[in-house]
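>>> Compute the structure for the input listed below.
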Amino acid sequence: MAWIFLLVAGLLEVVWAFTMKQSNGFTRLWPTVITVATMVASFGLLSVAMRSLPLGTAYTIWTGIGAVGAFVVGVLVLGEAVSLMRVAAAVLIVSGLALMKLSS
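Residues are numbered from 1 along each chain as shown. So this is what the prediction gives:
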């Protein structure tokens, strides 16, 4: 169950990163509300996952899901630039996540 909680926490991190961008510096009400709610849920699920997963593993996976997920959402939804270097960086992050998972 800890891995499921961690996966959902990471996905919620992507949601709050996106809605934080949409909040325009916390000046728009509903994106701000969604940001805060998903932040709290993400942190809460991360803390539950950390009950049985090592700190380094849980935190690395959580931030990795958030980083790569935010990159993908930025490209697909917000029209951010895609370059070979940015894709290579995302691939390296995913590779690191796989290694972290295999090591735990």
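>>> if you go through the chain in chain order, where are the helices?
2-22, 29-49, 55-76, 84-103 (DSSP state H).
>>> can those helices go into CSV with extra columns for mean neighbour count?
Heads up, the C-betas are built off the backbone N, CA and C, glycines and all. Converted to CSV, the helices of the chain look like this (neighbours: other C-beta atoms under 10 Å):
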stretch, mean neighbour count
helix 2-22, 19
helix 29-49, 17
helix 55-76, 18
helix 84-103, 12
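>>> can you put these in JSON lines and add mean pLDDT?
Shown next, in JSON lines, are the helices of the chain (pLDDT from 0 to 100):
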{"stretch": "helix 2-22", "mean pLDDT": "98"}
{"stretch": "helix 29-49", "mean pLDDT": "98"}
{"stretch": "helix 55-76", "mean pLDDT": "96"}
{"stretch": "helix 84-103", "mean pLDDT": "93"}
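>>> gap between G56 and I93?
Here G56 is placed at a distance of 15 Å from I93 (C-beta to C-beta, to the nearest Å).
>>> ugh, typo on my part, it should be M100
10 Å.
>>> got any residues that touch both of those two?
Here M100 and I93 have G64 as joint contacts, going by C-beta atoms under 8 Å, 6 or more residues apart in numbering.
>>> Return the residues in contact with F18.
With contact set as C-beta under 8 Å, 6+ apart, F18 has these partners: A70, V73, V77.
>>> Leaving out chain neighbours, which residue sits closest to the spatially most central residue of the chain?
For the chain, G66 is the residue whose C-alpha lies nearest the centre (C-alpha atoms, centre = their mean; 1.6 Å). Spatial nearest neighbour of G66, excluding adjacent residues (C-beta to C-beta, 6 or more residues apart in numbering): E13 at 3.4 Å.
>>> again with G56
G56 sits nearest to M100 (C-beta to C-beta, 6+ apart), 7.6 Å away.
>>> May I have the residues that are in contact with the one you found?
G56, T57, T60, I61, G64.
>>> I'd like the residues you listed as TSV, with distance to P31 appended.
Formatted as TSV, the contacts of M100 follow (distance: C-beta to C-beta, whole Å):
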residue	distance to P31
G56	32
T57	31
T60	28
I61	26
G64	24
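>>> Tell me the one among those residues nearest to F43.
Distances from F43 to the contacts of M100, taken as C-beta to C-beta, are shortest for I61 (14.4 Å).
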